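1. How does the following fold in three dimensions:
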Amino acid sequence: MNIVIAGHVDHGKSTVIGRLLADTDSLPDGKLEQVKATCARNSKPFEYAFLLDALKDEQSQGITIDAARVFFKTQKRDYIIIDAPGHIEFLKNMVTGASRAESALLVIDAAEGVQENSRRHGYMISMLGIRQIIVIVNKMDLVDYDEKVFRDIVNEYSEFLREIDAEALTFIPVSGMEGDGIAAMSSRMSWYDGMTVLEGLDSFQKEVVKQNKSFRMPVQDIYKFTNFGDSRRVVAGTVETGTLSAGDEVVFYPSGKRSRVRSIEGFNTDGPVSRVESGMAAAFTLEEQIYIRRGEIAVKEGEGIPEVSSRVRVNLFWLGRRPMVADKEYLFKCGTLKVPARIEEITRVIDASNLDAIETGTQINRHDVAECIFKLKRTSAFDRADLFEGTGRFVIVDDYEIAGGGIIREGLEDEYADIRDKVFRRNYKWEKSFISPERRSSRYNQIPYMVLITGGKDTGKKRIAKSLEEALFNDGKYVYFLGIGNLLYGVDADIKGQENKFEESDDTGSADSRSGGVSALRGDGKGYAESRGGKRYEDASAGMKAERAAKNASAGATRKEHIRRLAEVAHLMMDSGLILIVTAVELNQEELEVIKTVVDPDRIETLWVGERISTDINYDYHFTNGDAAEEAVQIIRERFQEKGVIFKSW
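-> As a prediction, the model looks like this:
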């Protein structure tokens with residue numbers, strides 16, 4: 001069993017651990033006497049905490065102690081005690097999986113009483129889902145083993161735990177230095193008839209066997225072997241919960257792609273491996289080769305599925321030196337998932353040391369706990385922490401340092417949920433070819449990719465697109481130019497009223513001088529006034545405003561469906577192995593996200609053409625007009641070579 005021990009500095013954690021090792025005969029022969037003799041030679045009072053330093057490199061008799069972990073055993077089971085020397089180390093280890101604590105010991109100094117860190121550690125332990133907590137009231141010898149001191153701490157800390165919806169299994173009065181209450185009862189505390197620390201450890205209940213839960217394996221990487229005719233493509237990761245066997249069907253989220261496990265791969269094993277289970281590093285091959293990436297979660301077909309969204313409600317403990325602010329981008333890490341994220345809303349902030357509510361603003365200060373909503377940069381898969389710890393805990397990275405973390409409470413619906421449902425259904429029903437994507441790439445000497453060219457009307461987008469198509473074609477690549485206008489009167493023939501919003505205008509004037517472009521399509525209500533030189537009609541009735549809003553909303557929904565269909569056509573063409581070059585007028589970031597929901601977002605390059613940037617789209621390259629076609633072709637060519645999109649032909 002993994003147990004974390006926490007507490008305010010100098011409250012005696014190391015002394016309690018050292019005494020526990022000594023009193024359970026878990027030390028190597030002669031080690032206690034050796035440390036006592038060293039202290040005597042140096043005229044230094046002996047402390048049981050010194051045993052941890054002395055045992056740092058000790059390997060004999062099954063004892064291994066390092067800066068973070070202590071291994072020992074009782075008659076009931078083996079233990080690992082995980083020291084939590086500070087907030088950030090504990091949080092980082094707990095959330096990233098280096099520590100899998102099921103229970104906690106929290107040490108409080110009887111003389112000093114409940115301190116700020118006592119509360120913060122308690123809050124953090126509770127927030128991370130650890131429900132089995134024993135509070136050790138140490139240094140009772142310093143207060144003459146006074147029962148009232150002990151009871152006062154029990155009452156004060158119990159009240160605090162109730163406020164954070166937690167509860168201690170028991171409170172144990174001890175003296176780590178004198179040994180009272182560690183492994184044996186003490187006559188100096190005859191008023192206490194509860195458990196010793198050793199009995200408390202053995203009273204902890206093991207959590208539900210993870211093998212009985214639904215299968216979860218965050219994808220760490222995909223490895224391709226080529227030597228000696230080996231063509232395996234191996235999906236690797238660590239199994240968080242459940243089991244997986246050869247022949248099982250797995251679904252990967254958030255993509256929704258699925259395949260059947262062909263084989264479980266083993267490394268340095270005596271024989272074939274047919275099954276993996278929770279806690280094991282795993283690798284397996286699939287019957288059909290599908291494109292998946294690091295950060296997806298593998299789930300067994302027919303078992304509970306994870307949550308999928310770009311919006312997530314969390315409980316966050318912030319430990320960064322600088323406050324967490326709403327207008328900054330951070331890195332959100334959960335399992336193997338790494339995705340940029342911003343705070344969408346700070347719902348509630350409290351001071352973890354006293355549970356006082358703090359006025360909700362635009363930042364979270366150090367040591368504050370917050371309930372907030374994150375907006376992830378792309379759709380991701382995760383779980384509620386109360387259901388699956390490994391895929392429900394996260395850390396936040398700020399400027400390359402882990403600065404906070406917490407638990408996922410729930411995924412929230414986002415604006416792409418309906419499109420994502422269609423993509424899931426499509427992938428579920430997808431008829432796979434006998435020809436794998438790898439075979440097509442090998443034959444064509446390229447990886448399917450999309451170049452998305454957008455910008456103002458009549459800025460030269462098509463010139464750049466067709467020049468790029470011709471250059472790649474002349475290089476022997478399989479490439480196709482698709483203007484969105486090519487879809488409007490065919491695939492989109494049943495959608496009326498938006499054709500002129502997508503196609504290039506015949507007007508040869510400056511696109512940047514015209515108004516009313518994208519704003520009228522976003523449903524923001526500005527287009528009506530802007531198209532009339534910015535004049536606003538103050539006498540507009542409520543009915544006219546409502547009608548206008550309805551028209552804008554309808555136009556936005558119609559355009560969104562155009563974009564979705566464009567993305568689905570692009571997906572089909574890219575599935576055939578093509579490099580696709582697409583043009584469309586004034587795409588905004590929301591529309592780009594629609595495309596990325598349907599098409600693999602890692603295989604899209606975005607270009608903006610036009611002097612004026614008239615939408616909020618996050619583009620990769622900016623060209624002022626079509627005269628830059630030659631430069632654009634060269635840049636994209638080099639980019640494709642750097643990313644391995646186009647292969648060399650030998």
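2. Tally up the residues packed near C39, please.
-> 14 (other Cβ atoms under 10 Å). (Each C-beta comes from the backbone N, C-alpha and C, glycine too.)
3. what kind of secondary structure is the closest residue to it other than its chain neighbours in?
-> Once flanking residues are discounted, C39 sits nearest to F46: 4.3 Å by Cβ to Cβ, 6 or more residues apart in numbering. Judged by DSSP: H, G, I helix; E, B strand; the rest coil, the three-state class of F46 is coil.
4. now swap in F71 and tell me
-> State at F71, reduced to three classes by three-state DSSP: strand.
5. before we move on, the earlier item: the residue nearest to C39: what's it in contact with?
-> Residues in contact with F46 (Cβ atoms under 8 Å, 6 or more residues apart in numbering) are V35, K36, C39, A40.
6. The last one falls within a helix, correct?
-> Going back to what we said before, that points to A40. Yes: A40: assigned to a helix according to three-state DSSP.
7. how close does it get to S175?
-> Using Cβ to Cβ, to the nearest Å, A40 is found at 22 Å from S175.
8. neighbour count winner among the two?
-> Counting neighbours by other Cβ under 10 Å for A40 and for S175 shows that S175 has the greater number, 25 against 11.
9. check contacts around the more buried one.
-> Counted by Cβ under 8 Å, 6+ apart, S175 has contacts N138, K139, M140, D141, Y145, G181, S186.
10. Can you flag which of these belong to helices?
-> Among the contacts of S175, no member falls in helices (DSSP state H).
11. Out of the residues you listed, which one has the weakest pLDDT?
-> On pLDDT alone, S186 ranks lowest of the contacts of S175, at 85.
12. burial of that residue, as a residue count?
-> Residues within reach of S186, counting by other Cβ under 10 Å, total 19.
13. That one touches D180, doesn't it?
-> Yes: judged on Cβ atoms under 8 Å, S186 makes contact with D180 at a distance of 3.6 Å.
14. Overlap of the contact sets of those two?
-> Y145.
15. Bridge partners for V349, pull those for me.
-> I358, A370 (DSSP bridges).
16. Phi, psi for the residue nearest to C39 please.
-> F46 has phi and psi values of phi -70, psi 140 when expressed as degrees, to the nearest 10.
17. go on, V251?
-> Torsion angles, degrees, to the nearest 10, at V251: phi -120, psi 140.
18. Can you tell me the element the closest residue to it other than its chain neighbours falls in?
-> What sits nearest to V251 in space, not counting adjacent residues and going by Cβ to Cβ, 6+ apart, is R258, at 4.5 Å. Using DSSP states H and E, the element containing R258 is strand 257-264.
19. In that strand, which residues are buried?
-> K257, R258, S259, V261, S263, I264 (16 or more other Cβ atoms under 10 Å).
20. if we take the residues you listed, which one ends up nearest to L331?
-> K257 (25.0 Å; Cβ to Cβ).
21. Isn't that closest one up against V251?
-> Yes: using Cβ under 8 Å, K257 is in contact with V251, at 7.3 Å.
22. give me the number of residues near R294?
-> Applying other Cβ under 10 Å, we find 15 residues neighbouring R294.
23. ok, it - contacts?
-> By Cβ under 8 Å, 6+ apart, R294 lies in contact with V219, Q220, D221, I222, T336.
24. please redo it, this time with the cut-off set to 10 Å
-> The contact partners of R294, by Cβ atoms under 10 Å, 6 or more residues apart in numbering, come to P218, V219, Q220, D221, I222, A236, G237, G335, T336, L337, K338.
25. okay, now the residue nearest to the fifth one when sequence neighbours are not counted: neighbour count?
-> For I222, ignoring the flanking residues on the chain, the nearest one in space by Cβ to Cβ, 6+ apart is V235 at 5.6 Å. Neighbour count for V235, taken as other Cβ under 10 Å: 24.
26. Residues in a beta bridge with V235, which ones?
-> As for beta bridges, V235 partners with I222, F284 under DSSP bridges.
27. pretty sure it is in contact with V250, am I right?
-> Yes: between V235 and V250 there is a contact at 8.5 Å, judged by Cβ atoms under 10 Å.
28. overlap in contacts of these two?
-> Residues touching both V235 and V250 (Cβ under 10 Å, 6+ apart): M217, S259, V261, F284, L286, I292, A298.
29. what's the lowest-pLDDT member of those residues?
-> Lowest pLDDT among those: I292, 85.
30. Now do the SS call for it.
-> Of the three states, I292 takes coil according to three-state DSSP.
31. Can you verify my assumption that it contacts Q220?
-> No: contact criterion Cβ under 10 Å: I292 and Q220 do not qualify, at 11.5 Å.
32. hang on, R420 in a helix?
-> Yes: counting by three-state DSSP, R420 is located in a helix.
33. residues in contact with it?
-> By Cβ under 10 Å, 6+ apart, the contact set of R420 is P254, S255, G256, V308, S309, S310, T379, D414, T597, V598.
34. again, only using 8 Å
-> P254, V308, T379, T597.
35. Which stretches in the stretch 501-650 of the chain count as strands?
-> 579-585, 604-609, 621-623 (DSSP state E, counting those that start in this stretch).
36. can you give me the offset of the shortest one from its chain's centre?
-> Per Cα atoms, centre = their mean, to the nearest Å, the displacement of strand 621-623 from the mean C-alpha position of its chain is 31 Å.
37. Strand partners (parallel or antiparallel) of it?
-> In its sheet, and by DSSP bridges, strand 621-623 pairs with strand 604-609 (parallel).
38. tilt between the strand it pairs with and strand 579-585?
-> Interaxial angle of strand 604-609 relative to strand 579-585 (axes from the mean of the first three to the mean of the last three Cα atoms, to 10 degrees): 40 degrees.
39. quick one on the thing from earlier: I'd like the distance between the residue nearest to C39 and E159.
-> Using Cβ to Cβ, one obtains 37 Å as the distance from F46 to E159.
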